[in-house]
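[1] The sequence and its predicted three-dimensional model are supplied below.
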Amino acid sequence: MNADEQATPRATEAEAVIVRLADVLLRENAALGDGRRDELAGLTAEKIAACRAYEALLRSFADNPDTLAAIDDDQRRRLRQLGDKLISVAEDNARRLEVAVAAHRRFMDTVAEAARSLAPGPGIYSRNGSVGQGRTARAVAPVAVSVNRSL
């Protein structure tokens, strides 16, 4: 098959791959926006597969530029529109993922700080000389005492 004969099926395949990736990203955006964290693991696996298919498609066009050049104007216009939509959806996905990661990081920092504040401190001496567990996370710094011979 020459490049002209491959152009139409390759353009149709490209449309399907782009639509699949955009669909996965849209579903992930909706799950991130609605806080449906249980769906994200499955979507991540699906997104990885769709991205690999998209990368393979781009690689095949880079390896066979004549096929891409032979695509008719109508298909080229549809591919450009789908590509623009994919860019928009991917940018929205990146923003949503960034927000989700930052929120998760803040949550984990808050949990870690709460755990540190509840941890018993080191054993400290009371006024009567007995050793007890301190209820603070940090030991009180000892008071510096200096003694000279004149005392």
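    Nice, I can see it. Because the structure is predicted, anything quoted here is derived from the model rather than measured.
[2] Tell me the predicted confidence for the residue nearest to the spatial centre of the chain.
    Closest to where the C-alpha atoms of the chain average out (C-alpha atoms, centre = their mean) is residue 97, at 4.7 Å. On pLDDT, residue 97 comes in at 90.
[3] Relative to the whole chain's centre, how far out is the helix or strand harbouring it?
    Using DSSP states H and E, the element containing residue 97 is helix 73-118. Helix 73-118 sits 6 Å away from the centroid of its parent chain (C-alpha atoms, centre = their mean, to the nearest Å).
[4] picking up where we left off before, nearest residue to the residue nearest to the centre of the chain other than its sequence neighbours?
    Distances taken as C-beta to C-beta, 6 or more residues apart in numbering place residue 32 nearest to residue 97, at 6.9 Å, with adjacent residues excluded. C-beta here means a position set from N, CA and C on the backbone, and glycine is covered the same way.
[5] The helix or strand harbouring that neighbour: which residues count as buried?
    Using DSSP H and E, residue 32 falls within helix 3-34. In terms of neighbour count (16 or more other C-beta atoms under 10 Å), helix 3-34 has its buried residues at 6-7, 10-11, 14, 17-18, 21-22, 24-25, 27-29, 31-32.
[6] What of stretch 60-75?
    61, 67-68, 70-71, 75.
[7] Show me how far that stretch is from its chain's centre.
    33 Å.
[8] What is the nearest of the buried residues of stretch 60-75 to residue 91?
    Nearest to residue 91 among these is residue 61, at 22.2 Å by C-beta to C-beta.
[9] can you tell me which helix or strand the closest residue to residue 68 other than its chain neighbours belongs to?
    Leaving aside its chain neighbours, residue 68 sits nearest to residue 61 (4.6 Å; criterion: C-beta to C-beta, 6+ apart). Residue 61 is part of helix 40-63 when elements are defined by DSSP H and E.
[10] Who are the packing partners of that helix?
    When contacts are defined as 3 or more C-beta pairs under 8 Å, 6 or more residues apart in numbering; DSSP states H and E, helix 40-63 packs onto helix 3-34, helix 65-69.
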